[in-house]
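Novice: Turn this into a model:
(one chain, ligands or ions: 1)
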Amino acid sequence: MRRSTMVALVGVDGSGKSTQARALARRLTSAGVPAVYLENAGGRPLWNRLAQAVGRRDGVHLFGRRCYPLLEATVRWLALARAVAVTRLTGRVGVMDRWTWCQYVIMRARGDRGVRLVRAAYAVFPKPDLVCFLAVTPELARQRVLTRGIDTEELAHLTALDAGYRALAGFADFTVIDGDADPTTVAAALDRAVTPVTTRR
Ligand SMILES: Cc1cn([C@H]2C[C@H](O)[C@@H](COP(=O)(O)OP(=O)(O)O)O2)c(=O)[nH]c1=O
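Specialist: Residues are numbered from 1 along each chain as shown. Sure thing, here's the model as predicted:
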């Protein structure tokens with residue numbers, strides 16, 4: 001089995017992870033480095049739709065403050081396991097939207113219990129070869145989320161998420177990229193960060 005290479009993009013909602021991760025995987029593939037974009041959704045839009053269909057406010061209201069984070073963490077565990085398997089089996093570079101840290105940060109920002117349990121369950125996953133933190137001002141992130149129109153985010157929550165990432169023990173190992181910059185500048189910064197990782201494969 002070939003050694004896998006994993007690049008993870010992390011950051012608050014609206015920091016541009018999905019957009020930039022998709023584009024990065026496309027650029028790498030076009031440049032002759034086969035890459036795959038990997039999603040790491042927690043299923044929130046699905047849980048919210050399901051909740052509303054049965055007359056509940058949202059997923060948290062349907063499953064409860066205790067069960068909802070564990071459900072979300074389980075869905076993300078499966079996405080991470082799939083991502084590791086896909087990159088190992090295909091030999092393609094994985095460009096993943098989020099990594100394990102995102103779940104810890106989200107749970108802490110919401111005040112959820114069970115972070116230690118989730119950390120233990122996620123300990124099986126290897127560290128990515130590169131983690132890029134898209135640093136974006138919470139106000140801009142909120143504006144982007146509102147424009148996206150799928151969900152909404154409170155400014156206080158986005159601010160707490162941003163602080164949560166910066167407080168992570170592993171934050172010093174992240175490559176910080178200015179996510180407030182225009183998409184072309186962000187893409188160029190990502191390319192610079194990724195090149196040493198993909199050339200040493
Ligand atoms: C990267 C980027 C995204 N966007 C838009 C695209 C999306 O509709 C929205 C959020 O981007 P998205 O990539 O979905 O962010 P995340 O995955 O981190 O939540 O913002 C911008 O307006 N400017 C940008 O520079």
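Novice: and the end-to-end length of stretch 53-71?
Specialist: End-to-end distance for stretch 53-71: 18 Å, by C-alpha to C-alpha, to the nearest Å.
Novice: check contacts around residue 125.
Specialist: 80, 81, 84, 99, 100 (C-beta atoms under 8 Å, 6 or more residues apart in numbering). In short, each C-beta sits where N, CA and C put it, glycine included.
Novice: before we move on, which element is the third one in?
Specialist: Okay, so that is residue 84. Assessed by DSSP states H and E, residue 84 sits inside helix 67-90.
Novice: what pLDDT, on average, does that helix get?
Specialist: Averaged across helix 67-90, pLDDT comes to 96.
Novice: Show residues contacting the very next helix or strand once past that helix.
Specialist: Per DSSP H and E, helix 67-90 leads on to strand 93-97 as the next helix or strand towards the C-terminus. Strand 93-97 is contacted from outside by 4-9, 17-18, 21-22, 24-25, 28, 33-40, 80, 83-84, 86-87, 128, 198, 201, using C-beta under 8 Å, 6+ apart.
Novice: what angle separates strand 93-97 from helix 67-90?
Specialist: 170 degrees (axes from the mean of the first three to the mean of the last three C-alpha atoms, to 10 degrees).
Novice: Okay, now the sheet partners of strand 93-97, with direction.
Specialist: Taking DSSP bridges as the criterion, strand 93-97 sits next to strand 5-10 (parallel), strand 35-38 (parallel) in its sheet.
Novice: Distance from the chain centre to it, please.
Specialist: 10 Å (C-alpha atoms, centre = their mean, to the nearest Å).
Novice: which residues of the protein score low on pLDDT?
Specialist: 1-3 (pLDDT under 70).
Novice: and it, which residues reach the ligand?
Specialist: Contact residues (C-beta under 6 Å from any ligand atom) of the chain with the ligand: 11, 13-20, 97, 144, 147-148, 183.
Novice: which of those residues tops the neighbour count?
Specialist: Comparing the residues of the chain next to the ligand on neighbour count, residue 15 comes out first with 29 neighbours (neighbours: other C-beta atoms under 10 Å).
Novice: How much space separates it from residue 197?
Specialist: 20 Å (C-beta to C-beta, to the nearest Å).
Novice: cool, and residue 145?
Specialist: For residue 145 relative to residue 197 (C-beta to C-beta), the value is 29 Å.
Novice: Write down the beta-bridge partners of residue 175, one by one.
Specialist: Per DSSP bridges, the residues bridged to residue 175 are residue 132.
Novice: in which helix or strand would I find the nearest residue to residue 11 once chain neighbours are set aside?
Specialist: The spatial neighbour of residue 11 that comes closest, neighbours along the chain excluded (C-beta to C-beta, 6 or more residues apart in numbering), is residue 134 at 3.7 Å. Per DSSP H and E: residue 134 is located in strand 130-135.
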